[in-house]
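J.: take a look and give me a structure for this.
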Amino acid sequence: MGYSWGQEYPYLWGAGSITFVEAATDADGNIHSIGFFTGTQDFDPGAGVVTRSSSVGTDIFLTTLDSTGALLKVL
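T.: Sure, this is the predicted structure:
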């Protein structure tokens, strides 16, 4: 399968930091990623705002985006 879209995450240059460790797709084309972050981050790559704040300095995250790059969930 070829490259079909990309997504810029503007929060990468905000307060704190975020590191993506692994990403995978499922049978429905959803993209699951896991990594860790510090500070307060907006995990919605679209116009919405879905923030999470690190409670212990560095926290882990799991995100799921649909096949168009829209946020479905963040844990």
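J.: from now on I want contacts and neighbour counts done on CA atoms only, so please keep to that.
T.: Fine.
J.: show me the shaky parts of this protein.
T.: 1-14 (pLDDT under 70).
J.: please repeat the previous calculation with a cut-off of 90.
T.: For the chain, the stretches with pLDDT under 90 are 1-21, 36, 38-51, 53, 55-57, 68-69.
J.: where do the strands sit along it?
T.: 18-25, 31-37, 40-42, 51-53, 59-65, 71-74 (DSSP state E).
J.: off-centre distance for the first one?
T.: Read that as strand 18-25. Distance of strand 18-25 from the chain centroid (Cα atoms, centre = their mean, to the nearest Å) equals 8 Å.
J.: that strand pairs with which strands, parallel or anti?
T.: Strand 18-25 has its sheet partners listed here by DSSP bridges as strand 31-37 (antiparallel).
J.: with only the CA atoms kept, save the partner strand in PDB.
T.: This file holds the C-alpha atoms of strand 31-37, laid out as PDB (Å, rounded to 0.1, in the frame of the first residue of the first chain):
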ATOM      1  CA  ILE A  31      -3.700   3.700  13.000                       C
ATOM      2  CA  HIS A  32      -2.600   2.900  16.500                       C
ATOM      3  CA  SER A  33       0.400   4.500  18.000                       C
ATOM      4  CA  ILE A  34       2.100   4.400  21.300                       C
ATOM      5  CA  GLY A  35       4.800   6.500  22.900                       C
ATOM      6  CA  PHE A  36       5.600   8.800  25.800                       C
ATOM      7  CA  PHE A  37       5.200  12.500  26.500                       C
END
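J.: what comes up buried for it?
T.: Using 16 or more other Cα atoms under 10 Å as the test for burial, strand 31-37 gives Ile31, His32, Ser33, Ile34, Phe37.
J.: against Ala70, how distant is Thr63?
T.: Using Cα to Cα, to the nearest Å, we find Thr63 at a distance of 11 Å from Ala70.
J.: bridged to the nearest residue to Ala23 once chain neighbours are set aside, which residues?
T.: Computed as Cα to Cα, 6 or more residues apart in numbering, the closest residue to Ala23 that is not its neighbour in sequence is Ser33, at 4.2 Å. Ser33 forms beta bridges with Ala23, Thr63, as assigned by DSSP bridges.
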